[in-house]
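Trainee: Quick one, structure for this:
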Amino acid sequence: MFCDLHAHTTASDGLTPPADLPQLAIDAGLKALAITDHDTTAGIPPARLVAKTLSLPLLTGIELSADPFSILDKHRTPYTNDTPKWGTLHILGYGIDDTNTNLQNVCDELSNARSERNPEIVEKLNTLGVKIDYQQVIEHAATTGSQVIGRPHIAAVLQQHGYVRSHHEAFKRYIGEGAPAYVRKDALSAQRAIQTIHDAGGLAILAHPVQLTRDRDLLARAVLQLRSLGIDGIETIHPDQKNTTRQGLAALAKKLNLLTTGGSDFHGKPHGAQLGAMRVPLTYHQTLTQRLTPPA
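Mentor: So this is what the prediction gives:
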């Protein structure tokens, strides 16, 4: 039996309405699901209503963006702000109270940061000779039903206007980490992201670790530092992580006494993994719920 603990809806940058996701999970043969939209919990209430009617266990979740450089501990590690290939840091929160006031304030803060970043990206693209307008991005996002405008929508507009042939090329050539039109959005420190999740009653998990860094030694140091900040686990199963990487991450989690999770990172797009594709054992969901359940 399997579950999927990493899925997005139109509440952030997915293409599937929240109320439709539980039935998709049932159709995929899943026995449990978590909705982990980027920096918002707006998709949880409609999905929860449907999941209940389908008797599908739904784990409340979120994926918070954080500043990767905030985990640097210059006194105990060799990191510097010039560390190469330092990517994005996302923290998954599971079992959160989606009505928690502090969590909602943080979501508003991140939404404002994204709103400021998107026009800056378009301005940088314009200086590079890529003539698109931010209004076009807004209009495209509206056609997908997305409630949060982000880089995937900019990538789609670039593809529509023939500047790139694919979503992947848009990120690699223009708007991804290290590309000429990239603008960093990180508004939270790792510690604050973790604490926000804990304050909302949830468990904090490092999402897709390889997107933080593919340097094995650097990643091990980063996870150790995150554990000192209160991280509860690592997402070991993810489409970006090959079997050997998953095994290494699982061994690291065991060594540091951290939880392991996994999911498809489903966005409803043809180029990405489909819901349930990663075959995450249902025991992952059961372990999380056990940790979230207060002792009798």
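Trainee: give me the low-pLDDT residue ranges for the stretch 1-150 of the chain?
Mentor: For the stretch 1-150 of the chain, the stretches flagged by pLDDT under 70 are 73-85.
Trainee: List the contacts of Leu56.
Mentor: Listed by CB atoms under 8 Å, 6 or more residues apart in numbering, the contact partners of Leu56 are 22, 25-26, 30-33. C-beta coordinates here come from the backbone N, C-alpha and C atoms, glycine included.
Trainee: By neighbours, which of the residues you listed wins?
Mentor: Within these, most neighbours by other CB atoms under 10 Å means Leu33, with 30 neighbours.
Trainee: Is that residue located within a strand, as I assumed?
Mentor: Yes: counting by DSSP: H, G, I helix; E, B strand; the rest coil, Leu33 falls inside a strand.
Trainee: Now do the contacts for it.
Mentor: When contacts are counted by CB under 8 Å, 6+ apart, Leu33 touches 3-5, 7, 21-22, 25, 51, 56-59.
Trainee: In strands, which of these fall?
Mentor: 3-4, 58-59 (DSSP state E).
Trainee: Buried ones from those, can you make that a ChimeraX selection?
Mentor: Only the buried entries of the ones in strands among the contacts of Leu33 go into this ChimeraX selection, using 16 or more other CB atoms under 10 Å:
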select :3,4,58,59
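Trainee: wait, which of the ones in strands among the contacts of Leu33 is closest to Gly230?
Mentor: Checking these against Gly230 with CB to CB, the nearest one is Leu59 at 19.6 Å.
Trainee: From Ala193, how far off is Glu109?
Mentor: With distances taken as CB to CB, to the nearest Å, Glu109 is found 11 Å from Ala193.
Trainee: of the contacts of Leu33, closest to Arg184?
Mentor: Ala7 (25.4 Å).
Trainee: my read: that closest one touches Ala34, true?
Mentor: Yes: between Ala7 and Ala34 there is a contact under CB atoms under 8 Å: 6.8 Å.
Trainee: Gln147 in helix, strand or coil?
Mentor: Under three-state DSSP, Gln147 falls in the coil class.
Trainee: now do Leu218
Mentor: Put simply, Leu218 is helix when judged by three-state DSSP.
Trainee: ok but Arg221 is inside a strand, no?
Mentor: No: counting by three-state DSSP, Arg221 is not part of a strand but helix.
Trainee: From Phe171, how far off is it?
Mentor: Counting by CB to CB, the gap from Arg221 to Phe171 is 26 Å.
Trainee: what's the answer for Asp27, then?
Mentor: Asp27 is 30 Å from Phe171, where distance means CB to CB.
Trainee: So for those two, which sits in the more crowded spot?
Mentor: Phe171 (19 against 10).
Trainee: surely that one meets Ala181?
Mentor: No: the pair Phe171 and Ala181 does not pass the contact test of CB under 8 Å, sitting 10.2 Å apart.
Trainee: Need the overlap of contacts for these two.
Mentor: Shared contacts of Phe171 and Ala181 (CB under 8 Å, 6+ apart): none.
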